[in-house]
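Trainee: Provide a 3D model corresponding to the input given below.
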Amino acid sequence: MNFNDYQQKSRGTAKYPAIGHAVIYPTLGLVNEAGEVAGKIKKIFRDKDGVIGAAERDALKAELGDVLWYLAQTCTELEISLEDVAEANLTKLLDRQARGKIQGDGDNR
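Mentor: Reported below is the predicted structural model:
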């Protein structure tokens, strides 16, 4: 499956309340789900000495799927294709790598 297919198919499952601008709800959901991923990773290191087993991978895969869903809906609300986001990000990273700027911080390095 490619990003455009995912974005279009996932849109059929997008049912959320109107709370001002349509981008608000999926953006808040994206941040929430990303936090759940971080929480699961934290607990793996706290409780399991950093060992990521099959059960942990399955749980993380489910949470990462939720992150992807909310990202797709946020993109749709902004009229941006998820595929364009992925391509632009990869172009940016490959350019930084070619210039020896893959490490560090700042958007414009």
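Trainee: for A72, give its distance to Q97.
Mentor: For A72, the distance to Q97 (Cβ to Cβ, to the nearest Å) stands at 26 Å. The C-beta positions use only the backbone N, C-alpha and C, and glycine is treated the same way.
Trainee: look at those two and report which has more neighbours.
Mentor: The residue with more neighbours, out of A72 and Q97, is A72; 24 against 11, by other Cβ atoms under 10 Å.
Trainee: C-terminal to the helix or strand harbouring that one, what's the next element?
Mentor: Assigned by DSSP states H and E, A72 belongs to helix 54-77. Following helix 54-77 in sequence order, the next helix or strand is helix 82-98 (DSSP H and E).
Trainee: so what does that following helix touch, helix or strand wise?
Mentor: With contacts defined as 3 or more Cβ pairs under 8 Å, 6 or more residues apart in numbering; DSSP states H and E, the packing partners of helix 82-98 are helix 3-11, helix 54-77.
Trainee: could I get those helices as a markdown table with mean pLDDT and distance to D107?
Mentor: What follows is the helices and strands packed on helix 82-98, written out as a markdown table (pLDDT from 0 to 100; distance: least, Cβ to Cβ, whole Å):
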| stretch | mean pLDDT | distance to D107 |
| --- | --- | --- |
| helix 3-11 | 97 | 22 |
| helix 54-77 | 98 | 19 |
